[in-house]
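Chemist: Just the structure for this:
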Amino acid sequence: MNKLMNYDVKKTKEAVWKKARDNFINKEEFEPEAIKNSSVAAATLAVWCISCSKYQAVVKEVTPKQEKLSIAKSTLKEAQDILDIKLGEVKKVKDKVAELEANCQKMSDDKEELEGNMARDSARMVRANKLVILLKDEGVRWK
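Modeler: Okay, here's the model as predicted:
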């Protein structure tokens, strides 16, 4: 009874299951209702055998898909890691661009301020030169 309780369907070879299906499980005499007339315990065991057979067929189909899923998950994880690295690099570049743009804006503002100061100071120089010339002429007149 303990062997039946701990039976691992996955460890049984496909050839054994094929033989069991062909010789026993797929036959009309192996129906649990027909066996129940002879023995209730045998009918229960027949249900267990049929269930194990169906489970093995499902496992046979699902196992490769699970392996593909595992491979796909690992590939996704690798791609996600690479994407995270690239996104980090993009963020650094964007931060650097924002810093450079801020620097450019500051320099443009400084340039405009200096150009304004230069225009103001140039106008002052012109007026100062006029004043110097006028004072020079006035100095000649006073002598």
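Chemist: any low-confidence regions in this protein?
Modeler: Residues of the chain meeting the criterion pLDDT under 70: 143.
Chemist: W17 - how many residues pack around it?
Modeler: For W17, the neighbour count with other CB atoms under 10 Å is 17. Placement of C-beta: from N, CA and C, glycine included.
Chemist: Sorry, wrong one. I was asking about A46.
Modeler: Here the count is done by other CB under 10 Å, and A46 has 21 residues near it.
Chemist: List the contacts of it.
Modeler: Taking CB atoms under 8 Å, 6 or more residues apart in numbering, we find A46 in contact with F30, E31, P32, I35.
Chemist: Go through the residues you listed and name the one nearest W48.
Modeler: Nearest to W48 among the contacts of A46 is P32, at 9.6 Å by CB to CB.
Chemist: thought the closest one was touching L45?
Modeler: No. When contacts are counted by CB atoms under 8 Å, P32 is not listed as touching L45 (9.0 Å).
Chemist: list the contacts for the residue nearest in space to the middle of the chain?
Modeler: Nearest residue to the geometric centre of the chain (CA atoms, centre = their mean): Q80, 3.8 Å. Counting by CB under 8 Å, 6+ apart, Q80 makes contact with nothing.
Chemist: roughly how far is the helix or strand harbouring C52 from the heart of the chain?
Modeler: Of the helices and strands defined by DSSP states H and E, C52 is found in helix 40-142. The chain centre lies 16 Å from the centre of helix 40-142; the measure is CA atoms, centre = their mean, to the nearest Å.
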